[in-house]
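J.: sequence and predicted model, in that order:
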Amino acid sequence: MAVYPFKDIENDTVREIVESNDLDLNIIVLKTGEALRASKKMQVFERNANTVEKTVRTEQSRAACSGNSAPVTSKSSNVGTANPSVEGSVECAPLYKGNAADTGKLENVEFIIELSIKELSIGDVFYRPFPEVPGKFRGSYNARLDLVVKLLDSTSAEIKVQKSVQAIVTNSWISSEKGGVDKREIWSQLANETGRKAAAAILGVMKN
């Protein structure tokens, strides 16, 4: 199984929040992969977009080969690097066994997890007087993320399962000063919770 990195953001509001606060979307990818790996129920590979796309194309070519044959891609000096070459001829050859290929570990990647953000809100820090202690304030913030989780067949790109998960993060504290909170810190908490819930949704499906 491979967790697909985030690509384009279709929702304009979400894109504005992400770009204006310099949020790293792939924290969710990493946290989802970590939670799946911690379950010890499957082998998980985290790939950059180019590698996963190459995996899908090769698996689709594999399905198009007749009989017990499968496509193999000519080796490149870039195989196994962070940005492997997606070039190379693909031809049908007998199915290989044993360890997976270096480029995408094709033999082991049966499913691809695709994540997309449906809604995102990260509220500003709000302060109000704390009557019990004069001169003190109660600070708080809340954030919410709605994520769509898709489980794709790596050969056909067919959507096998689609789930929606939601994560909400809230926090409050007492302070004598009104200070802000870096929204990247809030995002990190939100991404961690969302990744955990995304993994739980996938594991719940795999049990069935």
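T.: Cool, the structure landed. In this text, all values refer to a predicted model and were calculated from it rather than measured experimentally. Numbers count the residues shown, from 1 in each chain.
J.: wait, a helix at residue 23?
T.: No - using DSSP: H, G, I helix; E, B strand; the rest coil, the assignment for residue 23 is coil, not a helix.
J.: give the contact list for it.
T.: 17, 183, 184, 187 (CB atoms under 8 Å, 6 or more residues apart in numbering). Every residue, glycine included, has its C-beta placed from N, CA and C.
J.: those residues in helices, which ones?
T.: Members of the contacts of residue 23 lying in helices (criterion: DSSP state H): 17, 183, 184, 187.
J.: assign the residue nearest to residue 124 when sequence neighbours are not counted to helix, strand or coil.
T.: Residue nearest to residue 124 in three dimensions, not counting chain neighbours: residue 141, with 7.0 Å by CB to CB, 6 or more residues apart in numbering. Three-state assignment for residue 141 (three-state DSSP): strand.
J.: confidence-wise, which helix or strand of this structure is lowest on average?
T.: strand 69-73 (a mean of 40; mean pLDDT, DSSP states H and E).
J.: can you list the domain ranges for the protein.
T.: Following automatic domain parsing, the chain resolves into domains at 1-39+113-208, 44-107.
J.: and the ones you listed, which one's lowest on average pLDDT?
T.: Among the domains of the chain, domain 44-107 carries the lowest mean pLDDT, at a mean of 45.
J.: picking that back up, select from the contacts of residue 23 the one having the most neighbours.
T.: Neighbour counts for the contacts of residue 23 (other CB atoms under 10 Å) peak at residue 187, which has 25 neighbours.
J.: my read: that residue touches residue 21, true?
T.: Yes - with contact defined as CB atoms under 8 Å, residue 187 counts as touching residue 21 (7.0 Å).
J.: stretch 30-37: which residues count as buried?
T.: The neighbour-count check on stretch 30-37 (16 or more other CB atoms under 10 Å) flags 30, 31, 32, 33, 34, 35, 36, 37 as buried.
J.: which residues sit against that stretch?
T.: Here stretch 30-37 makes contact (CB under 8 Å, 6+ apart) with 1, 3, 42, 44, 46, 113, 115, 191-192, 194-196, 198-200, 202-203.
J.: then stretch 124-134?
T.: 136, 137, 138, 139, 140, 141, 174, 175, 178, 179, 180, 181.
J.: since that was my last question, I'll sign off now.
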